[in-house]
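1. Show me the folded form of this:
(one chain, ligands or ions: 1)
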Amino acid sequence: STSLSVFTSDLRLSDNPVLRGALRSAERVVPLFVVDRGLAGTGFAVPNRVAFLADALADLDAGLRERGGRLVVRRGDAVAEILRAARQADADEVHIAGRVSGYATRRERRLREALGADGRRLRVHGAVVTAVEPGEVTPAGKDHFAVFTPYFRAWRRAGVRKPLSAPRTVSVPSGPRSEPVAAVASLASGSPSPGLPEGGETAGRRRMRSWWRSGLRSYADRQDDLAGDATSRLSPYLHFGCLSPVELVHRAREAGGAGADAFVRQLAWRDFHHQVLAARPDASYADYRPRGDRWREDAAEVAAWKAGRTGYPLVDAGMRQLRHEGWMHNRARLLVASFLTKTLYQDWRIGARYFLELLVDGDVANNQLNWQWAAGTGTDTRPNRVLNPLAQARRFDPDGAYVRRWVPELAGVTGSGVHTPWRLPEAERDRLDYPDPIVDLQEGLARFRHARG
Ligand code: FAD
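-> The predicted structure follows:
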């Protein structure tokens with residue numbers, strides 16, 4: 001007998017309940033990845049994520065070949081291609097991970113119907129993409145938690161299943177043809193960011209091991225230190241499922257200590273946003289909690305924000321890091337998002353869309369809901385707080401090293417004065433090819449407070 005194991009956001013062999021389930025149910029397995037026409041060619045197939053995906057699929061294929069198998073890649077409508085592959089292999093069961101976005105749940109429904117009509121079964125596995133499955137913990141009488149702290153309390157009590165080891169052998173029937181795995185790289189036009197990390201489970205596990213050795217212990221103290229760059233940078237591997245959140249939670253709990261606790265808490269944030277999106281798929285585009293905003297529209301300001309030329313060095317440093325690496329430090333993400341949505345009072349969707357064009361970890365649940373959090377239309381219990389770029393600079397980049405790293409125009413400015421170039425002596429100021437602030441912080445604040453009443 002044969003089963004299909006469909007890879008989606010779980011591009012790994014270790015701790016993969018989907019693959020394990022398929023292997024348990026049949027002697028042979030077709031490991032399948034479909035380049036979904038519904039996503040390829042859309043705004044979602046951007047150079048940074050496509051490059052990372054191509055690495056991840058090549059690595060997955062190599063890992064499967066070491067075990068006697070291979071990866072089968074198809075292109076087209078995901079439901080039609082899975083059905084076709086199931087027929088060709090005469091597979092009784094199709095295994096796949098449960099996902100939360102509106103798009104993925106609609107696709108799952110269509111797939112279940114199509115397979116059912118064909119006498120085949122869809123098996124959806126939970127706790128693959130998240131450590132705790134969305135909907136597993138809920139407040140009394142409600143379908144999801146709208147506030148993180150009580151969610152986290154419940155999440156901590158919920159058991160996380162034990163991680164599974166990678167299978168030793170994977171026996172694949174000889175029939176199914178595959179597109180060349182490398183062809184995936186050509187899905188997006190344009191080049192990826194120069195500092196993009198290498199994708200795949202092998203690279204992810206390498207990164208995880210070095211993080212375990214040298215980052216985890218001091219994470220609690222250093223997670224907001226912008227120049228220290230002391231976070232795990234595991235987010236793209238988690239986004240594509242090259243690493244398992246279940247395994248990370250287990251390992252962190254085994255390691256113990258304040259750093260591990262703080263790290264586990266961040267992983268719970270990831271699960272939190274997934275369970276919000278599962279219950280409210282409309283939150284990917286509509287305000288989770290509408291505040292009656294009538295956002296300003298100013299294309300020149302948005303362009304300056306995107307280009308990292310707002311005249312506020314810490315904001316600009318974050319935006320330049322995003323372009324260069326396809327990734328931005330969380331503290332900077334919070335600041336640039338607050339700046340766009342509160343100081344400039346422009347629609348969070350503009351920022352969220354731009355982030356998704358560049359972020360290698362760009363993810364509907366985490367991106368849209370973090371943007372909503374920052375804009376005060378989401379789950380923040382203090383929706384009207386506004387981050388001040390100068391106060392943030394004093395706290396999280398006190399000597400300006402992060403700014404000097406990312407804003408070369410200011411690299412020569414010494415000391416904390418790098419955060420306020422407009423206060424430099426005129427002669428020095430004139431020599432810098434760096435813009436004046438595009439907005440007065442006090443005016444921005446007053447405008448926002450007035451708007452939110
Ligand atoms: P670490 O600090 O090492 O944290 C470990 C892991 O916990 C991360 O890899 C991530 O998976 C998870 N995590 C940490 N913080 C959060 C958070 N606030 N919400 C959800 N998960 C979190 N994260 C994404 O993965 N994809 C996105 O598209 C995304 N967009 C964001 C947009 C905005 C406006 C903001 C403020 C945050 C966004 N984040 C997003 C969350 C966070 O910034 C990144 O997960 C984090 O910076 C990744 O770096 P790291 O792996 O070094 O994180």
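2. The stretch 351-453 of the chain: helices as residue ranges?
-> Ranges of helices within the stretch 351-453 of the chain are 369-375, 389-396, 401-406, 426-431, 441-452, based on DSSP state H, counting those that start in this stretch.
3. In a markdown table, list those helices along with mean neighbour count.
-> Using the backbone N, CA and C atoms, a C-beta is placed for each residue, glycine as well. Formatted as a markdown table, the helices of the stretch 351-453 of the chain follow (neighbours: other CB atoms under 10 Å):
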| stretch | mean neighbour count |
| --- | --- |
| helix 369-375 | 25 |
| helix 389-396 | 18 |
| helix 401-406 | 22 |
| helix 426-431 | 10 |
| helix 441-452 | 14 |
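4. Make a markdown table out of those and add mean pLDDT and distance to residue 155.
-> Shown next, in a markdown table, are the helices of the stretch 351-453 of the chain (pLDDT from 0 to 100; distance: least, CB to CB, whole Å):
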| stretch | mean pLDDT | distance to residue 155 |
| --- | --- | --- |
| helix 369-375 | 98 | 16 |
| helix 389-396 | 98 | 27 |
| helix 401-406 | 98 | 31 |
| helix 426-431 | 93 | 50 |
| helix 441-452 | 98 | 30 |
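5. Nearest to the ligand among the ones you listed would be which one?
-> With distances scored as CB to the nearest ligand atom, the stretch of those nearest to the ligand is helix 369-375 (3.4 Å).
6. Any residue of the closest one touching the ligand?
-> Yes: under the criterion of CB under 6 Å from any ligand atom, helix 369-375 makes contact with the ligand via 370, 371, 374.
7. mind listing what the closest residue to the second one other than its chain neighbours touches?
-> Spelled out, that is residue 371. Once flanking residues are discounted, residue 371 sits nearest to residue 352: 4.2 Å by CB to CB, 6 or more residues apart in numbering. Under the criterion of CB atoms under 8 Å, 6 or more residues apart in numbering, the neighbours of residue 352 are 367, 368, 371.
8. contacting residues around the spatially closest residue to residue 265 that is not a sequence neighbour?
-> Distances taken as CB to CB, 6+ apart put residue 152 closest to residue 265, at 6.7 Å, once the chain neighbours are dropped. Neighbouring residues of residue 152 by CB under 8 Å, 6+ apart: 265, 268, 272.
9. what residue of this protein is the furthest out?
-> residue 427 (43.6 Å; CA atoms, centre = their mean).
10. Please report how far that one lies from residue 415.
-> 17 Å (CB to CB, to the nearest Å).
11. Same question for residue 403.
-> Residue 403 sits 11 Å away from residue 415, taking CB to CB as the criterion.
12. Ok, residue 243 next?
-> Where residue 415 is concerned, residue 243 sits at a distance of 40 Å (CB to CB).
13. Compare neighbour counts for these two and give me the winner.
-> Using other CB atoms under 10 Å, the more surrounded residue of residue 243 and residue 415 is residue 243, with 25 against 9.
14. so is residue 74 in a helix, a strand, or just coil?
-> With DSSP: H, G, I helix; E, B strand; the rest coil as the basis, residue 74 sits in strand.
15. ok, is the longest helix anywhere in the chain in contact with the ligand or not?
-> In the chain, with assignment by DSSP state H, the single longest helix is helix 258-279. Yes: residues of helix 258-279 are located near the ligand by CB under 6 Å from any ligand atom, namely 263, 266, 267, 269, 270, 273.
16. Would you reformat the residues of helix 369-375 next to the ligand as TSV and include distance to residue 53?
-> Below are these laid out as TSV (distance: CB to CB, whole Å):
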residue	distance to residue 53
370	22
371	23
374	27
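17. out of everything not next to it in sequence, what's closest to residue 1?
-> residue 26 (4.2 Å).
18. can you pull the contacts of the one you found?
-> Counted by CB under 8 Å, 6+ apart, residue 26 has contacts 1, 2, 3, 91, 92, 93.
19. Quick check: residues of this protein near the ligand?
-> 223, 231-235, 238-239, 263, 266-267, 269-270, 273, 330, 333-334, 337, 355, 359, 361-363, 366-367, 370-371, 374.
20. need the contacts of residue 352 in CSV with distance to residue 126, can you?
-> What follows is the contacts of residue 352, written out as CSV (distance: CB to CB, whole Å):
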residue, distance to residue 126
367, 23
368, 22
371, 26
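21. Could you tell me which residues make contact with residue 403?
-> 313, 314, 316, 317, 393, 397, 410, 418, 419.
22. what about it, distance to residue 194?
-> 20 Å.
23. what does residue 228 give?
-> Per CB to CB, residue 228 is found 22 Å from residue 194.
24. Can you pick out the residue with more neighbours from those two?
-> The residue with more neighbours, out of residue 228 and residue 194, is residue 228; 16 against 9, by other CB under 10 Å.
25. mind listing what the more buried one touches?
-> residue 222.
26. isn't there a helix covering it?
-> No: secondary structure of residue 228 (three-state DSSP): coil, not part of a helix.
27. quick one: it from residue 146, how far?
-> Between residue 228 and residue 146 the computed distance is 33 Å (CB to CB).
28. Might you report the residue contacts of the nearest residue to residue 410 once chain neighbours are set aside?
-> Once flanking residues are discounted, residue 410 sits nearest to residue 418: 5.2 Å by CB to CB, 6+ apart. Each residue near residue 418 by CB under 8 Å, 6+ apart is listed here: 313, 400, 403, 404, 410.
29. Report the two of those residues separated the most.
-> 313 and 404 (8.9 Å; CB to CB).
30. Find residues that contact each of these two.
-> Joint contacts of residue 313 and residue 404 (CB under 8 Å, 6+ apart) are 410, 418.
31. Tell me how many other residues surround the residue lying closest to residue 376 once chain neighbours are set aside.
-> Setting aside the residues directly before and after it, residue 376 is nearest to residue 383 in space (CB to CB, 6+ apart), at 3.2 Å. A count of neighbours around residue 383, defined by other CB under 10 Å, yields 17.
32. likewise residue 346?
-> 22.
33. Quick check: phi and psi on it?
-> phi -120, psi 160 (degrees, to the nearest 10).
34. For it, give its distance to the ligand.
-> Between residue 346 and the ligand the computed distance is 14 Å (CB to the nearest ligand atom, to the nearest Å).
35. Would you agree residue 217 is in contact with residue 256?
-> No: if you go by CB atoms under 8 Å, residue 217 and residue 256 don't touch, sitting 10.1 Å apart.
36. So between the two, which is more surrounded?
-> residue 217 (15 against 10).
37. Show the pLDDT at that one.
-> For residue 217, the pLDDT comes out at 96.
38. Identify the residues contacting it.
-> 257, 259, 260.
39. Just the buried ones from these, in ChimeraX syntax?
-> Buried residues among the contacts of residue 217 (16 or more other CB atoms under 10 Å), as a ChimeraX selection:
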select :259,260
